[in-house]
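Engineer: 3D, please:
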Amino acid sequence: MLTKDLMEQVIAKNPGEKEFHQAVSEVLESLEPVLKKRPEYLEAKVLERIDEPERQVMFRVPWTDDKGVIHVNRGYRIEFNSAIGPYKGGLRLHPSVNLGILKFLGFEQIFKNSLTGLPMGGGKGGADFDPKGKSNAEVMRFCQSFMSELYRHIGPNTDVPAGDIGVGGREIGYFFGQYKKLTNRFESVLTGKGINWGGSLIRPQATGFGCTYFCEEMLKTKKLDFKGKTVAISGSGNVAQYAVQKVTQLGGKVVTLSDSDGTIYDPKGIDAKKWEFIMDLKNVKRGRIVDYSEKFKCDFWKGQRPWKVKCDIALPCATQNELDKNDAKMLIDNGVIAVAEGANMPSTPEAVELFIKNGVLFGPGKAANAGGVATSGLEMCQNHIGLSWSAEEVDHQLHQIMVNIHKNAADAAKKYGSPGNYVVGANIAGFVKVADAMLDQGVV
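Structural biologist: Residues are numbered from 1 along each chain as shown. Next up is the predicted model:
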């Protein structure tokens, strides 16, 4: 294999970063047919350059809790590739955050952003801070301390962070307020902002809606749609919430949601009224999904994931590597026809291999969950021109972007000998655009 030596170098240079190794390996394996046709990528060492971040920033984040106790967390920003635009990617606040996870996310972001067709490079950041259980004042003090270092490294034409796990409208607001105070500038430096101060309509819905739109396009290739289909969704955060809403609008029946405590199974389906309960539970009360099972008298599978349920479509929307080989086998045995990743790399390589081998329509995260960053890009566009588009206009553009991503991935897969393989297609389509830009710009 042309890329075997390079993969060995990546592992040696980045020891212990298993998620990053997994992400790079998946992309490199897909690129073999491209490299045979385009040897100039090898000659210019594009692969060696694209898997090395352009810049990595790591810093301490001291903050004081409501009792006056000082805590110290570690903050990061990985600026991975700016060949087609300023770095763009979320900030994640979660105890699991480390350099390897953020490098995996930043690497994936390069190709995801490329697929949207918008001028955005790839980046990612965050901290090992857990906002769960913290007061608003504690979260604010953390965010202000974090931004007191990060502000030096970002800007509307340099690096534009967004939200991710643990970072919603509240956190973006605190980040932006501190950035504005430190720089004395009101500019498009963060996306996911409040609607009344520069945010975009449909941004909260974008990743969940986009994942559903991508899955819909995959189903169309088999002359199918969501109507009457049973859908299993993992997670209960932003992405899962709006995937439930869009699936229901398209005629599907969602029967599961989950969080770190376990999974609810509601065979009657999560209708609009139940969805409103979830929105209040998770976004206002910040409660646990088990409360849903108590309210609506359905099963709660403590400590379990949703994938044993019989369903037609699965949308993993929680976190990385949440769906393994055994889960994939259960889904296949239960007749699943399509899987679209709402989260970043939620399926293990063994699970992906099983889905593709068994003819399951499989939409990888870098394509299927690109709706979030696509709408972040649309927010940047609105900020730059000083206008706010209607919800209908943003949703229309989001839908068209997801249709185009599906088409480009499908076309690339077919062109390079793997028709129907969206993993190969998305990797190739995303890579070629960035690689050609790197060639155009020389060795920098």
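
Engineer: List the buried residues in stretch 238-258.
Structural biologist: In terms of neighbour count (16 or more other Cβ atoms under 10 Å), stretch 238-258 has its buried residues at 238-248, 250, 252-258. The way it works is simple: take the backbone N, C-alpha and C, and place the C-beta from them, glycine included.

Engineer: So which of the residues you listed belong to helices?
Structural biologist: Judged by DSSP state H, helices contain the following of the buried residues of stretch 238-258: 238, 239, 240, 241, 242, 243, 244, 245, 246, 247, 248.

Engineer: pLDDT and distance to residue 13 for the residues you listed - can I get that in CSV?
Structural biologist: What follows is these, written out as CSV (pLDDT from 0 to 100; distance: Cβ to Cβ, whole Å):
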residue, pLDDT, distance to residue 13
238, 91, 34
239, 95, 32
240, 97, 35
241, 98, 39
242, 98, 38
243, 98, 37
244, 98, 41
245, 98, 43
246, 98, 41
247, 98, 42
248, 98, 46
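
Engineer: how about the CA coordinates for the biggest strand by length in the chain, as CSV?
Structural biologist: Determined from DSSP state E, the single longest strand within the chain is strand 70-81. What follows is strand 70-81, C-alpha atoms only, in CSV (Å, rounded to 0.1, in the frame of the first residue of the first chain):
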residue,chain,number,x,y,z
ILE,A,70,-9.6,27.5,42.4
HIS,A,71,-9.6,24.9,39.7
VAL,A,72,-7.2,24.5,36.7
ASN,A,73,-8.2,22.9,33.4
ARG,A,74,-6.3,22.5,30.2
GLY,A,75,-7.4,24.3,27.1
TYR,A,76,-6.5,23.5,23.4
ARG,A,77,-6.9,24.8,19.9
ILE,A,78,-5.7,22.7,17.0
GLU,A,79,-5.5,24.8,13.8
PHE,A,80,-5.1,22.0,11.3
ASN,A,81,-5.4,23.2,7.7
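
Engineer: Give me the sheet partners of that strand and which way each runs.
Structural biologist: Paired strands of strand 70-81, with direction, are strand 55-64 (antiparallel), strand 121-127 (antiparallel) (DSSP bridges).

Engineer: can I get these in JSON lines with distance to residue 213, mean neighbour count and mean pLDDT?
Structural biologist: Formatted as JSON lines, the strands paired with strand 70-81 follow (distance: least, Cβ to Cβ, whole Å; neighbours: other Cβ atoms under 10 Å; pLDDT from 0 to 100):
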{"stretch": "strand 55-64", "distance to residue 213": "33", "mean neighbour count": "16", "mean pLDDT": "98"}
{"stretch": "strand 121-127", "distance to residue 213": "22", "mean neighbour count": "30", "mean pLDDT": "98"}
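
Engineer: Domains in this structure, by residue range?
Structural biologist: As given by automatic domain parsing, the domain ranges for the chain are 53-187, 206-368.

Engineer: which one of the ones you listed lies closest to residue 391?
Structural biologist: domain 206-368 (11.1 Å; Cβ to Cβ).

Engineer: quick check, nearest of the ones in helices among the buried residues of stretch 238-258 to residue 6?
Structural biologist: Closest approach to residue 6 among those (Cβ to Cβ): residue 239, at 32.2 Å.

Engineer: Contacts only, for the closest one.
Structural biologist: The neighbours of residue 239, taking Cβ atoms under 8 Å, 6 or more residues apart in numbering as the test, are 207, 208, 211, 317, 342, 343, 369, 372.

Engineer: Repeat the analysis, applying 6 Å as the threshold.
Structural biologist: 207, 208, 317, 342 (Cβ atoms under 6 Å, 6 or more residues apart in numbering).

Engineer: quick one: it from residue 171, how far?
Structural biologist: Separation of residue 239 from residue 171 (Cβ to Cβ, to the nearest Å): 16 Å.

Engineer: for residue 427, same thing?
Structural biologist: From residue 427 over to residue 171 the distance is 31 Å, taken as Cβ to Cβ.

Engineer: picking that back up, how about the longest strand of the chain, which residues are buried there?
Structural biologist: Of all the residues in strand 70-81, those buried under the rule 16+ other Cβ under 10 Å are 73, 75, 76, 77, 78, 79, 80, 81.

Engineer: Test my guess that the fourth one contacts residue 58.
Structural biologist: No - in this structure, residue 77 sits apart from residue 58 without contact. The criterion is Cβ atoms under 6 Å, and the distance is 8.3 Å.

Engineer: State the number of residues packed around the residue nearest to residue 329 when sequence neighbours are not counted.
Structural biologist: Excluding the flanking residues, the one nearest residue 329 by Cβ to Cβ, 6 or more residues apart in numbering is residue 354, at 6.4 Å. Neighbourhood size, residue 354 [other Cβ atoms under 10 Å]: 21.

Engineer: right, and residue 354 touches residue 326 too?
Structural biologist: No - look at residue 354 against residue 326 with Cβ under 6 Å: they stay out of range, at 9.7 Å.

Engineer: For residue 231, name its beta-bridge partners.
Structural biologist: Bridge pairing for residue 231 - DSSP bridges - gives residue 254, residue 313.

Engineer: List the contacts of it.
Structural biologist: 247, 252, 254, 313.

Engineer: For residue 114, see how far away the first one is.
Structural biologist: Summarising the geometry, the distance separating residue 247 from residue 114, computed by Cβ to Cβ, is 27 Å.

Engineer: now do the third one
Structural biologist: Residue 254 sits 31 Å away from residue 114 when distances are taken as Cβ to Cβ.

Engineer: Run through the neighbouring helices and strands of the lengthiest helix in the chain.
Structural biologist: Taking DSSP H as the assignment, the helix of the chain that covers the most residues is helix 391-415. Packing partners of helix 391-415 (3 or more Cβ pairs under 6 Å, 6 or more residues apart in numbering; DSSP states H and E): helix 206-220, helix 371-385, helix 422-441.

Engineer: who touches the first one?
Structural biologist: It refers to helix 206-220. Residues contacting helix 206-220 (Cβ under 6 Å, 6+ apart): 225, 239, 242-243, 246-247, 338, 340, 342, 361, 363, 368-369, 371-372, 375, 398-399, 402-403, 406.
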